[in-house]
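*Asks:* Turn this into a structure:
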Amino acid sequence: MRITRRGLLRTGAVAGVGAGVAGSPAPAAEALTASARRTTMKRTLLKGRPNAKGWLTLVRGPGEKHVLRLDLGVKPRRGRRHRRRGLLAFAQLSDVHIVDAQSPARVEYTDRYDDDADAAVGIFTAAYRPHEMLTGHVADAMVRRINRITRGPVTGRRVALAIQTGDNSDNSQYNEIRWNIDVLDGGTVRMDSGDLTRFEGVADDDPTYYDPHYWHPHGSPAGKPDDIPRADRGFPTVPGLLDAARRPFRAAGLRMPWYTAFGNHDGLAQGNFPPGTLQLDALATGALKLVNLPAGTSPADLLAVLTSGNIQSYVASLALTPSVRTVTADPGRRLLDHPQMVEEHFRTTGTPKGHGFTAQNRADGTAYYTFDKGSGRNKVRFIALNTVNPNGYADGSLDATQFAWLGDVLERSAGRIVVVFSHHTSTTMTNPLVGTGGNAEPRVLGDEVLALLLDHPCVVAWVNGHSHQNRVWSRTREGGGGLWEINTAAHIDWPCQSRIIEIADNRDGTLSIFTTVVDHAGTGRWGGRTDTPPRLASLARELAANDWHHPGDGPRGDRKDRNVELVVKDPRPRG
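*Replies:* Just a heads-up that it's a prediction; the model follows:
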């Protein structure tokens, strides 16, 4: 059995697809507007040919037209391109994973068990990435690109809002959540913690704790061998990178209202553990950082420690060994629970205040809500779900109270256009864990949630993340029709993308939902500079493309998962 950071709790250690039909290119040529030229309609970024060590750079590929998909059995009349009217355009950003790369609560040391693909055991496969100190710069570069796509590339409608579909932070820490909010709001952001005069983490060149399993961008200390990424995988040496990553920068800030949803990494420590358990909060804010494991530690030994509830005690027992280093304690690394996370979104300079969360959410500790955009018959209702199971484990589900609320909202939304958004996909809502006290409600899984949405023809799309892949599924209902489930890749992992989603009225009883994939504002190929956030974001994307834990090109999805036109029945009464 492979045990990943997402799947650790699936083992019981911590208690508490519909296939789409391949489409065809839209028959009419698409004129590239100024906004379209800033998307993958103009050009794509592809992995180039690797060198002898496996390192590759990115190359430009051709732009991609929209693929027409009629999987739901709903067909528009001919001539829709000249007839259609844009109703709404919005941006989706997902799985940004803003990382405090110096935090003692990180578990980078677990990832090495997957370094050898032939002997991989899958312990915490997403626990370490060589570029994670640059996640804030990637987010800012994406904001900069979205700001320049002022209008929908197909309909020309002004981009009215942006939604984040969860995993906005990586470890539910206060400073990570703040950095995410501040990047989206705009203003000065400093991606630094602990000692503000130097980097204290696994990437630095302190000879006492030098570990060749990690990428050290500054090179090797005197007398130490090259690290494995540079020696065996061709990773570059980038002098001064760690100071450049810590340097304050001026975030552009989204020039539109933005809304958010919880992901498992926002609501759970390491995306798996309920805040306050396993001594993780004390570990996060403390001065001892576990950077590698004692010789002879087996995967079973590690799993026993991680699930014992005594991780801080274990780290303290190794305090005088090379496995643990002393770092600067920082209360800003404290872990936030759900109510605290909601509250933080009311400390903002962006709009709307609360970023979707409401006074009711603040009062009762929930994190699901609705809002409307547009007016009259063209109004679109958005429903934000909280799919995080507070009892632990990476995959999602709904509590029974939220499920009942969802049913009530859908009943009241008959005859409107409804878009649901959440972090988890329908197929990753498989988490039935039930806790105690306030978390003792039965959990509702993805198949039941999808069935409820399909029972209400007003729902035309379910927009989500979590999988770190571009995917679009048709979800059909008995008797015909259905909805589209739109899943978008992560910022933190290759291909580091987001989407523009447009809803258009074909004026024949059908709607077309256009999704257009967007690359961030960093240059296609990193040019060796580290002086601006987009330059750092370019380096991060190149590092992500070479991350040995995420090989291949699967996360880009197929053509039918990227730039697509998705036809669905218009749920509004004709008139």
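
*Asks:* Checking my notes, Glu343 in a helix, right?
*Replies:* Yes - counting by DSSP: H, G, I helix; E, B strand; the rest coil, Glu343 is found in a helix.

*Asks:* so what's it closest to, chain neighbours aside?
*Replies:* Using C-beta to C-beta, 6 or more residues apart in numbering and skipping the chain neighbours, the partner closest in space to Glu343 is Arg362 (6.4 Å). Every C-beta, even on glycine, is put in place using the N, C-alpha and C of the backbone.

*Asks:* Then Pro207?
*Replies:* Using C-beta to C-beta, 6+ apart and skipping the chain neighbours, the partner closest in space to Pro207 is Pro221 (3.8 Å).

*Asks:* out of everything not next to it in sequence, what's closest to Tyr174?
*Replies:* Arg334 (5.1 Å).

*Asks:* Quick one: neighbours of the one you found, just the number.
*Replies:* If you count neighbours by other C-beta atoms under 10 Å, Arg334 ends up with 17.

*Asks:* Enumerate every residue touching the most centrally placed residue in the chain.
*Replies:* Among the residues of the chain, the one closest to the centroid is Asp95, at 0.6 Å (C-alpha atoms, centre = their mean). Counting by C-beta atoms under 8 Å, 6 or more residues apart in numbering, Asp95 makes contact with Thr165, Gly166, Asp167, Gly263, Gly465, His466, His468, Ala489, Ala490, His491, Ile492, Asp493.

*Asks:* Adding neighbour count, pLDDT and secondary structure as columns, could you present the residues you listed in a markdown table?
*Replies:* Formatted as a markdown table, the contacts of Asp95 follow (neighbours: other C-beta atoms under 10 Å; pLDDT from 0 to 100; DSSP: H, G, I helix; E, B strand; the rest coil):
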| residue | neighbour count | pLDDT | secondary structure |
| --- | --- | --- | --- |
| Thr165 | 30 | 98 | coil |
| Gly166 | 30 | 97 | coil |
| Asp167 | 28 | 97 | coil |
| Gly263 | 32 | 97 | coil |
| Gly465 | 29 | 98 | coil |
| His466 | 29 | 97 | coil |
| His468 | 23 | 97 | coil |
| Ala489 | 26 | 98 | coil |
| Ala490 | 27 | 98 | coil |
| His491 | 30 | 98 | coil |
| Ile492 | 28 | 98 | coil |
| Asp493 | 22 | 98 | coil |
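
*Asks:* Could I get the pLDDT score of Leu278?
*Replies:* Here, the pLDDT recorded for Leu278 equals 63.

*Asks:* hang on, Glu542 packs against Trp55?
*Replies:* No - here Glu542 does not reach Trp55: they are 9.1 Å apart, not a contact under C-beta atoms under 8 Å.

*Asks:* quick one: which of these two has more around it?
*Replies:* Legend: neighbour count by other C-beta under 10 Å for Glu542 and Trp55, higher for Glu542 (25 against 17).

*Asks:* Return the distance of the more buried one relative to Lys47.
*Replies:* Separation of Glu542 from Lys47 (C-beta to C-beta, to the nearest Å): 10 Å.

*Asks:* Spit out the residues that contact these two alike.
*Replies:* Residues touching both Glu542 and Lys47 (C-beta under 8 Å, 6+ apart) are Leu58.

*Asks:* tell me the contacts of Asp531?
*Replies:* Ala244.

*Asks:* List the contacts of Ala52.
*Replies:* Neighbour list for Ala52: Gly234 [criterion: C-beta under 8 Å, 6+ apart].

*Asks:* Same check on Asn361?
*Replies:* Neighbouring residues of Asn361 by C-beta under 8 Å, 6+ apart: Val342, Gly354, Ala367, Tyr368, Tyr369.

*Asks:* what do you get if the cut-off is 6 Å, keeping everything else the same?
*Replies:* Applying C-beta atoms under 6 Å, 6 or more residues apart in numbering to Asn361 gives the contacts Val342, Ala367.

*Asks:* Give me the three-state assignment for it.
*Replies:* With three-state DSSP as the criterion, Asn361 reads helix.

*Asks:* related to what we said a few turns ago, and the residue nearest to the centre of the chain, how far is that from Gly166?
*Replies:* 7 Å.

*Asks:* cool, and Ser298?
*Replies:* Computed as C-beta to C-beta, the Ser298 to Gly166 distance reads 34 Å.

*Asks:* go on, Leu32?
*Replies:* 32 Å.

*Asks:* Which parts of the stretch 51-200 of the chain are strands?
*Replies:* Remark: strands assigned in the stretch 51-200 of the chain by DSSP state E, counting those that start in this stretch are 58-62, 67-69, 85-93, 159-164, 187-189.

*Asks:* now for the fourth one, which elements pack on it?
*Replies:* Contact partners of strand 159-164 among helices and strands, from 3 or more C-beta pairs under 6 Å, 6 or more residues apart in numbering; DSSP states H and E: strand 85-93, strand 258-260.

*Asks:* Pick the most buried one from those.
*Replies:* When those are scored by mean count of other C-beta atoms under 10 Å, the highest mean neighbour count falls to strand 258-260 (a mean of 25).

*Asks:* any idea of the mean pLDDT in that one?
*Replies:* 98.

*Asks:* what's that strand in contact with?
*Replies:* In this structure, residues lying in contact with strand 258-260 by C-beta under 6 Å, 6+ apart are Ala162, Ile163, Gln164, Leu184, His355, Gly356.
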